[in-house]
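# Just the structure for this:
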Amino acid sequence: MWSTPPVEFQQYRIETDACGGLVELGRGGMGVTYRAFDRNLQIPVVLKFINPVFFANAAAEARFLREARVAARLRHQNVATVLHLGSEGERRFYAMEFVPGRNLEQVVEQDGPLDAASGREIARQVAHALVVAEQHQLVHRDIKPSNLMVMRDAAGAGSIQVKVIDFGLVKSLDALDDARLTDTGLLGTPHFASPEQLREESVDIRSDFYSLGATLYFAVTGKTLGTGSRAQVMAHHLQPAGGHAMAARSAEVKLDSRSEALVFALLSPRRDDRPKNSQALLALIESANALPHRPFARQSRWRQTVFGLVGVVALAVVWMRMPPRETDPPVASRLVDGDRQLATAGEVIERGRSFFRKYTTADNEYAILLFHRAVELDESSSDAHALLSLAYSQRYLRSGFGERSLTDARREANRAVALKPDSPRALRALGQVSYAANRFAEATVIFERARVIAPDEGATLTSLASCWRERGELGRARAFAADACALSPTDSLTWSIRANIEKKLENDAVALAFYTKARDLSPSTAEPVIGLAHVHYVTRRFAEARKELSAAANITGDEADIECLLAQIELQEGNLTGAAKRLERACSIKRHGNLGYFGQIRYLSLWGWTLLQLGRKDEGARLIEEAIVADQAELGQSRESGYAHYSLAASLFALRRMDEGRARLELALAAGWSDRRSAGMDRRLDEARAKFPELFASIAPR
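Residues are numbered from 1 along each chain as shown. Prediction:
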């Protein structure tokens, strides 16, 4: 090892113990970590001195510096921030945010294993950090308990906050094209390393997912995967079943069903069988938290391995927004015990509808699983295919997932109509596919066909109300919504859509009453609560809006939409820094946002504009350009989307491309876009209002 650094150098003072020795926080193959004090910033910091073996040549050092600088740009509540990269003599070091508390390894060793819910909460927060890392094209490569700092509230219980340390730097060091690095072998313990790391293959973010699975297993069991010597542990990971076999054969270890499903999904030996990206990982974890609880089965571990392992892995695939494939095991094996016993397609359909009508992402995912089971039981059931299509459309529209879900929705709708051409539900499923693709005129025609067949079906009238709303015909939309509420008085979504139409008509008291009705009908659904907040927002009652958003945050996982609306309030109040932090958080959850939701805000665009105002020009412009590409892609499938035209206009105005922005805003108005009060408060349009006063005369002023 290299020489010990001095106690004081540059602006740093390394803390010493009673004997005068430096206070070490950790020591390993990468280097030595000390606790220190930054005399300039007047804050405690962590100093990590990097093992000089990693700087054997100029290329290696240049790569380290480049990627360390990228890592330093990570700003997230679940990432310990890199504050300074420097040198002292021949030593390279970096200063990192000091995080009070203990690392996860210390917590488990000192206090015992965590309860399952706490373990999954730690995994969820790490997943948020990995979302941000993937956006910066960084791979951690050393996710393990000792690299996760865990902070609890003052009493030692309650809320948990996790920060990942050493972010990005492990990739920078361990992946260097340096022949001498191979001689050092794998840095650290192999208990949390992915098979591809152990085989010295190239890695991507999915390697971190495997390590997170092993870390979660340790957190809730107190045991590492594999036993014996270092070579034996590596051999266990490299066998065909990999981490699956190690987790399954520990007869004395019992995982609850939710954690078990999550661990087995992450420990897939083949990286292609793990979540495909960090957003899918986050969705997997959140969905595991939402699964109905299944008590631990009293079976032998090997029996569970043989008969249940594939089912558990397949369940995780469903939670990753992937429909069942022909090679998957029967869907029944992926249901919780009570639902697995349902014997007829009709029973399963009714069970699925109870989840579908809750209008949350997690419930919709389980509804998809149930509707697939109904199709298995009766392939000729038009209703089963139609409901499966509607659930896929809801996934696409409300949860912000990609074209795969829309393709699946179209396939199932076509099957439903082929089986029963005069079925109102099948036609509604087909119309919903057109609606999701922004082909509102086409959707209107299909919904009208369904209405002719069944004039008193409230769901069809709700769909027609939505179509006419998007086409700018608010009076006609209002009439359909009123009839829909009369026919389906207990459907929360119908009342929310009616409230949204009244809000656009500026009947705010009525909108508040209808959103309240929707909230009372479905207390577990966030949309009506966010709707209440948005009415308060456009009427500038920001305190009331914050109160509703706080309630929504306690109800659901719609954090991204909540954070975006809170950010807009911060912008109205002049708090650019606070808004930027909230928008960064929103983008880390749902990068592109959901244009069909409140305010038609593309998160990346508003975040980029905010960064421009804060002087971060290059980063802000890059984010807005990415948002423009997303808007153009959405308009590529249909020119009828007024809100996509508006979103593109706002991004163009943010980049001061005024004439292009004006043309797009005119297209939005022509397409029937009607959320004008939101636009009246959109800060990205500030300069455009002054430049084109006649155009903005019909839009509420800021």
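# which stretches of the stretch 151-300 of the chain aren't confidently modelled?
Segments of the stretch 151-300 of the chain classed as low confidence (criterion: pLDDT under 70) are 153-158, 168-189, 240-255, 257, 287, 290-300.
# What segments of it are strands?
When assigned using DSSP state E, counting those that start in this stretch, the strands of the stretch 151-300 of the chain occupy the ranges 160-164.
# can you give me the helices in it?
Read by DSSP state H, counting those that start in this stretch, the stretch 151-300 of the chain holds these helices, from start to end of the chain: 169-174, 179-184, 195-198, 205-221, 230-238, 242-249, 257-266, 278-290.
# The fifth one packs against which elements?
When you say that, I think you mean helix 230-238. Using 3 or more Cβ pairs under 8 Å, 6 or more residues apart in numbering; DSSP states H and E as the contact criterion, the secondary-structure elements in contact with helix 230-238 are helix 195-198, helix 242-249. No exception for glycine: its C-beta is placed from N, CA and C like everyone else's.
# Now do the same contact list for the residue nearest the centre of the chain.
Against the mean C-alpha coordinate of the chain, by Cα atoms, centre = their mean, the closest residue is residue 589 at 3.5 Å. Residue 589 sits next to 128, 131, 282, 559-560, 563 when contact means Cβ atoms under 8 Å, 6 or more residues apart in numbering.
# For residue 663, state which of those is nearest.
When these are compared for distance to residue 663 (Cβ to Cβ), residue 560 comes out closest, at 29.6 Å.
# my guess is the closest one meets residue 602, correct?
No: counting by Cβ atoms under 8 Å, residue 560 stays clear of residue 602, with 11.9 Å between them.
# Tell me which of these two has more neighbours.
A direct count of neighbours by other Cβ atoms under 10 Å for residue 560 and residue 602 places residue 602 higher, at 31 against 23.
# any idea which of the contacts of residue 589 is least confident?
pLDDT is lowest at residue 559 among the contacts of residue 589; the value there is 74.
# Just give the closest residue to that residue, not the sequence neighbours.
Nearest in space to residue 559, with sequence neighbours left out and distances taken as Cβ to Cβ, 6 or more residues apart in numbering, is residue 589 at 5.4 Å.
# next one: residue 531
When the adjacent residues along the chain are set aside, residue 531 lies closest to residue 515, with 4.3 Å between them (Cβ to Cβ, 6+ apart).
# OK, contacts around the one you found?
495-496, 499, 528-529, 531-532, 535.
# Where does pLDDT dip in the stretch 351-500 of the chain?
For the stretch 351-500 of the chain, the stretches with pLDDT under 70 are 399-402.
# I'd guessed residue 148 sits against residue 161; true?
No: in this structure residue 148 lies outside contact range of residue 161 using Cβ under 8 Å: 10.8 Å.
# Out of the two, name the residue with the larger neighbour count.
Neighbours per residue (other Cβ under 10 Å) separate residue 148 from residue 161, with residue 148 holding more: 27 against 16.
# Which pLDDT value goes with the closest residue to that one other than its chain neighbours?
The shortest distance from residue 148 to any residue other than its chain neighbours is 4.3 Å, reached at residue 104 (Cβ to Cβ, 6+ apart). In this prediction, residue 104 carries a pLDDT score of 94.
# measure residue 104 to residue 479 for me?
57 Å (Cβ to Cβ, to the nearest Å).
# Check the gap between the residue nearest to residue 525 when sequence neighbours are not counted and residue 391 for me.
Leaving aside its chain neighbours, residue 525 sits nearest to residue 359 (4.8 Å; criterion: Cβ to Cβ, 6+ apart). Noted for residue 359: a distance of 11 Å to residue 391, by Cβ to Cβ.
# now residue 431
Residue 431 sits 15 Å away from residue 391 when distances are taken as Cβ to Cβ.
# Tell me which of the two has more neighbours.
With other Cβ under 10 Å as the criterion, residue 431 and residue 391 differ in neighbour count, and residue 391 comes out ahead with 29 against 26.
# Find the helix or strand that the more buried one is a member of.
Take DSSP states H and E as the rule and residue 391 turns out to sit in helix 382-399.
# isn't residue 564 right up against residue 605?
No: the pair residue 564 and residue 605 does not pass the contact test of Cβ under 8 Å, sitting 10.8 Å apart.
# okay, these two: which has more neighbours?
Each of residue 564 and residue 605 had its neighbours counted (other Cβ under 10 Å), and the higher figure belongs to residue 605 (31 against 28).
# related to what we said a few turns ago, is it fair to say the residue nearest to residue 531 lies in a helix?
Yes: looking at residue 515 with DSSP: H, G, I helix; E, B strand; the rest coil, it is inside a helix.
# mind checking how far stretch 419-428 is from the chain centre?
Distance of stretch 419-428 from the chain centroid (Cα atoms, centre = their mean, to the nearest Å) equals 34 Å.
# Not counting sequence-adjacent ones, nearest residue to residue 469?
Spatially, and ignoring its direct neighbours in sequence, residue 469 is nearest to residue 477 (4.1 Å; Cβ to Cβ, 6+ apart).
# State the three-state secondary structure for the one you found.
The assignment at residue 477 comes out as helix when based on three-state DSSP.
# cool, and residue 92?
Following three-state DSSP, we place residue 92 in the strand state.
# Residue 421 versus that one, what's the distance?
According to Cβ to Cβ, residue 92 stands 71 Å off from residue 421.
# ok, these two, which is more surrounded?
The neighbour count for residue 92 versus residue 421, taken as other Cβ under 10 Å, is higher for residue 92 (21 against 12).
# Beta-bridge partners for that one, please?
Bridge pairing for residue 92 (DSSP bridges) gives the partners residue 87.
# mind checking how far it is from residue 65?
With the distance defined as Cβ to Cβ, residue 92 ends up 9 Å from residue 65.
# Sketch out the strands for the stretch 1-150 of the chain, chain order is fine.
Using DSSP E, counting those that start in this stretch, strands in the stretch 1-150 of the chain cover 8-9, 12-14, 24-27, 31-38, 43-50, 82-88, 91-97, 102-103, 148-152.
# next one: the fifth one to chain centre, how far?
Spelled out, that is strand 43-50. Going by Cα atoms, centre = their mean, the spacing between the C-alpha centre of strand 43-50 and its chain's C-alpha centre is 31 Å.
# what's the answer for the fourth one, then?
A distance of 33 Å separates the C-alpha centroid of strand 31-38 from that of its chain, computed with Cα atoms, centre = their mean.
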